[in-house]
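>>> sequence unavailable; structure follows:
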């Protein structure tokens, strides 16, 4: 039997000591992502996941130091399926496993119950859920990183009244917290602006056949139909509007601005679908265009609606940690409330409830299968 020499033993011990020293100088920060990684909204969940992933890669490359330790960010992604019960289970799993920063949930119906668990567990939540109820609970470390339904719904109603010159509108929603909340805000503002809400119909976020609902609406002859819901339903709805010969525009929130709309709806969306996008005009900003190129190079596809917002907020959190000199959720959250951050999608500043202040909204349509910006609010 050959025993190792004293020299080789000392070298091995020194190597282990160096490795242990390196680990001691590193602080792991887990960033959770809760979103629909399966089901009809998978495209959105994957896009959001990619936005978080890209930011984490860039933060790790910067080697941010806090308290003498280099931060190493790790992504922990979970599929909440846009289902409230599943989303709450994901929240409990994140809390139990020491995740203190969560991006998501995507769906308002998941965000509302899950945010209670996150708050109890001392977790910061950064969501694109737009229902006004989300920030009314008063959780101090919850941030809405896009415009709310109040802003998006009102902007779409203003455009319908002032630009499309609509006098009569119909409203459909999918009964989700997001869809119903957005439709309610649109209807409220439409009536304020003197438009008549000629019909209110309901469907689900799993439906694909809207012929009965649309036939009822056709008889009322509205100039516009507002749909509160998601792209997987809005696209076949646009096809069926065309099929029934309904001469009305299909309006909606930012979920209808998704590149999935022309993929699923084909020519039926061109010049018919109008959406209120809770963002800025990326094509008019050099930094945003550069981000699009970087995103496409990394993931071999352009960003969808929310990926850039998720990217911005993770970068915002990283900067807040560095500048506050802490990874403590309360200290990082306090810094973010007190300071603005300039990201790809504009300036991020938050009110005391966590709503994004002066969140930009852009009204868009589709032309030749591509989104075309029309107005900003």
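In hand now; what should we look at? Only a predicted model underlies this, so the values are computations on that prediction, with no experimental measurement involved. Numbers count the residues shown, from 1 in each chain.
>>> quick one: buried residues of whichever strand or helix holds residue 290?
Element membership of residue 290 [criterion: DSSP states H and E] is helix 286-299. The neighbour-count check on helix 286-299 (16 or more other Cβ atoms under 10 Å) flags 288, 291-292, 295, 299 as buried. Bear in mind the C-beta positions are built from the backbone N, C-alpha and C, glycine included.
>>> check the average confidence over the next helix or strand after that helix, would you?
Per DSSP H and E, the first helix or strand lying C-terminal to helix 286-299 is helix 307-324. Mean pLDDT, helix 307-324: 97.
>>> residue 328 versus the residue positioned nearest the centre of the chain, what's the distance?
Of all residues in the chain, the one closest to the mean position by Cα atoms, centre = their mean is residue 128, 3.6 Å from it. Counting by Cβ to Cβ, to the nearest Å, the gap between residue 128 and residue 328 amounts to 25 Å.
>>> from the buried residues of helix 286-299, which has minimum pLDDT?
residue 288 (86).
>>> check the gap between that one and residue 179 for me.
Taken as Cβ to Cβ, the span from residue 288 to residue 179 is 28 Å.
>>> how about residue 123?
26 Å.
>>> figure out how far the helix holding residue 290 is from the centre of its chain.
Its chain's average C-alpha position is 18 Å from that of helix 286-299, according to Cα atoms, centre = their mean, to the nearest Å.
>>> average pLDDT for stretch 204-224?
pLDDT averaged over stretch 204-224 gives 96.
>>> ends of that stretch, how far apart?
Terminal residues of stretch 204-224 lie 20 Å apart, using Cα to Cα, to the nearest Å.
>>> residues making contact with stretch 264-275?
Stretch 264-275 is contacted by residues 156, 159-160, 164, 231-232, 234-236, 238-239, 241-242, 249-257, 261-262, 363-369, 374 when judged by Cβ atoms under 8 Å, 6 or more residues apart in numbering.
>>> and with 7 Å instead?
231-232, 235, 238-239, 241-242, 249-254, 256-257, 261-262, 363-369 (Cβ atoms under 7 Å, 6 or more residues apart in numbering).
>>> strands along the stretch 101-250 of the chain, start to end?
For the stretch 101-250 of the chain, the strands defined by DSSP state E, counting those that start in this stretch occupy 101-103, 124-127, 142-144, 168-173, 196-202, 224-228, 249-252.
>>> mind checking which of those strands is nearest residue 349?
strand 142-144 (10.6 Å; Cβ to Cβ).
>>> before we move on, the earlier item: contact partners for the residue nearest to the centre of the chain?
106, 145-146, 306, 309.
>>> from residue 227, how far out is residue 313?
Taking Cβ to Cβ, one finds residue 313 at 27 Å from residue 227.
>>> so residue 372, which of the three states?
Three-state call for residue 372 (DSSP: H, G, I helix; E, B strand; the rest coil): strand.
>>> beta partners for the residue lying closest to it once chain neighbours are set aside?
Distances taken as Cβ to Cβ, 6 or more residues apart in numbering place residue 365 nearest to residue 372, at 5.4 Å, with adjacent residues excluded. Beta-bridge pairing for residue 365 (DSSP bridges): residue 274, residue 372.
>>> show me the contacts for residue 239.
Residue 239 neighbours (Cβ under 7 Å, 6+ apart): 265, 268.
>>> try residue 347
Neighbours of residue 347 in contact, by Cβ under 7 Å, 6+ apart: residue 340.
>>> for residue 145, see how far away it is.
From residue 347 over to residue 145 (counting by Cβ to Cβ), the distance is 12 Å.
>>> dump the residue contacts of residue 316.
336, 341, 343, 348.
>>> select, out of the strands of the stretch 101-250 of the chain, the one closest to residue 322.
Comparing these against residue 322 with Cβ to Cβ, the closest turns out to be strand 101-103 (14.2 Å).
>>> partners of that closest one, with directions?
By DSSP bridges, strand 101-103 pairs with strand 26-35 (parallel), strand 124-127 (parallel).
>>> just the angle for the longest one relative to helix 307-324, thanks.
With axes from the mean of the first three to the mean of the last three Cα atoms, to 10 degrees applied, the angle from strand 26-35 to helix 307-324 works out at 150 degrees.
>>> and strand 26-35, which residues are buried?
So, applying 16+ other Cβ under 10 Å, buried residues of strand 26-35: 27, 29-35.
>>> list the contacts of that strand.
So strand 26-35 is in contact with 45, 48-49, 52, 56, 66, 69-78, 80, 87, 90, 94, 98-99, 101-106, 314, 327, going by Cβ under 7 Å, 6+ apart.
>>> now do the contacts for the residue nearest to residue 309 when sequence neighbours are not counted.
The spatially closest residue to residue 309, leaving aside those adjacent along the chain, is residue 145, at 4.9 Å (Cβ to Cβ, 6+ apart). Contacts for residue 145 (Cβ under 7 Å, 6+ apart) come out as 126-128, 309, 313, 348, 356.
>>> any idea how far residue 256 is from the nearest residue to residue 376 once chain neighbours are set aside?
Spatial nearest neighbour of residue 376, excluding adjacent residues (Cβ to Cβ, 6+ apart): residue 362 at 4.8 Å. Using Cβ to Cβ, we find residue 362 at a distance of 13 Å from residue 256.
>>> show me which of these two is the more surrounded one.
More crowded of residue 362 and residue 256, by other Cβ atoms under 10 Å: residue 256, with 32 against 23.
>>> okay, now the residue nearest to that one when sequence neighbours are not counted: neighbour count?
Excluding the flanking residues, the one nearest residue 256 by Cβ to Cβ, 6+ apart is residue 275, at 3.9 Å. Counted with other Cβ under 10 Å, the neighbours of residue 275 add up to 29.
>>> and residue 275, how far is that from residue 230?
Taking Cβ to Cβ, one finds residue 275 at 12 Å from residue 230.
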